[in-house]
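S.K.: Give the three-dimensional model of this entry:
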Amino acid sequence: MNEKQGSNPVPHSRTAAADEQAAALVGVLTARGETVAAAESLTAGLVCATLARVPGASAVLRGGLVVYATELKTALAGVSEELLAEHGAVHPEVAAQLAEGARDRCGATWGLGLTGVAGPSAQDGVEPGTVHIGLAGPGTRTLRRSGARVAEPPPRGEASVVTVRTLALSGDRDLIRTESVLAAFALLGEHLG
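M.R.: Here you go, the predicted model:
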C-alpha cells in the first residue's frame, strides 16, 4: 500500500465504530420514518459517505452539501455573510446555521452542520482540532440573543431545535475528520433517544 509520507491511517477501530453508528442511525431513522441531511465543511462529505455505505440508507439520507469554501457556506447552506465576516468560518453559530441550512435545503427531518480545522495549521487563529457540530431538528425553537439561549414557541407550523457541540480533538487530519463524524453521529443519536 502506498501512503503519503507523514500520513497516519485512521485506526480501523475508529472507522468500524463510525460504520456501526451509521448503521444504528439508519435503523432508528427508518423505524421513525425520519430523514437526515448534512452541510459539511471540514469533513467534506464524509458524514454522508459513511451513512451511504449502510444498506437501506436511501430511505433516510436526503442529501448533503459540501461547503468547504467559505462563500459556499452562504450560497448553498444559507449561512449569514455577516456572521462569516465577523467570526470566520469556524464558529459555533456557523455550525448551527449549516445544520439549519442542510435541513431546510434538503427537506430533511434532521440537519447536521460541521465546521472546524483539521490541520495541520491553524485557520484564522483557530487551532487544529477545533470542531463545531450543529444539529437542527424537530422540537422547541431555540433563539440565540447576546450569547444566551432563549426558548420560545415556534412560528407557524414546524418547530426546530438547534444544538451545537464544540470539540477539541487531537490527531492528524484524517483522525480529526473521522472523530468529527463519530461525534456528529453521537449527537444525532442522543436526540433520537
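S.K.: Can you report phi and psi for the nearest residue to Val60 once chain neighbours are set aside?
M.R.: Spatial nearest neighbour of Val60, chain neighbours left out: Leu29 (4.0 Å); criterion: CB to CB, 6 or more residues apart in numbering. Using the backbone N, CA and C atoms, a C-beta is placed for each residue, glycine as well. Phi and psi for Leu29, reported as degrees, to the nearest 10, are phi -60, psi -40.
S.K.: Run through the helices of this structure in chain order.
M.R.: 12-32, 46-52, 70-75, 81-87, 92-106, 173-192 (DSSP state H).
S.K.: What lies in contact with the fifth one?
M.R.: In other words, helix 92-106. 37-41, 62-65, 67, 73, 76-80, 83-84, 87-88, 108-115, 132-137, 144, 160, 162, 164, 166 (CB atoms under 8 Å, 6 or more residues apart in numbering).
S.K.: Show the buried residues in those.
M.R.: 37-41, 62, 64-65, 67, 73, 76-79, 83-84, 108-115, 132-137, 160, 162, 164 (16 or more other CB atoms under 10 Å).
S.K.: Among the residues you listed, which lie within strands?
M.R.: For the buried ones among the contacts of helix 92-106, membership in strands holds for 37-40, 62, 64-65, 110-115, 132-137, 162, 164, with DSSP state E as the criterion.
S.K.: is His132 in a bridge, and if so with what?
M.R.: Beta bridges link His132 to Thr115, Thr166 when assigned by DSSP bridges.
S.K.: Then the one 5 residues further on?
M.R.: Under DSSP bridges, the beta-bridge partners of Gly137 are Val161.
S.K.: so it makes contact with Trp110?
M.R.: Yes - using CB atoms under 8 Å, Gly137 is in contact with Trp110, at 4.2 Å.
S.K.: circling back to that earlier point, from Val90, how far off is the residue nearest to Val60?
M.R.: If you measure Leu29 against Val90 using CB to CB, to the nearest Å, the figure is 28 Å.
S.K.: Check Val162 too.
M.R.: For Val162, the distance to Val90 (CB to CB) stands at 17 Å.
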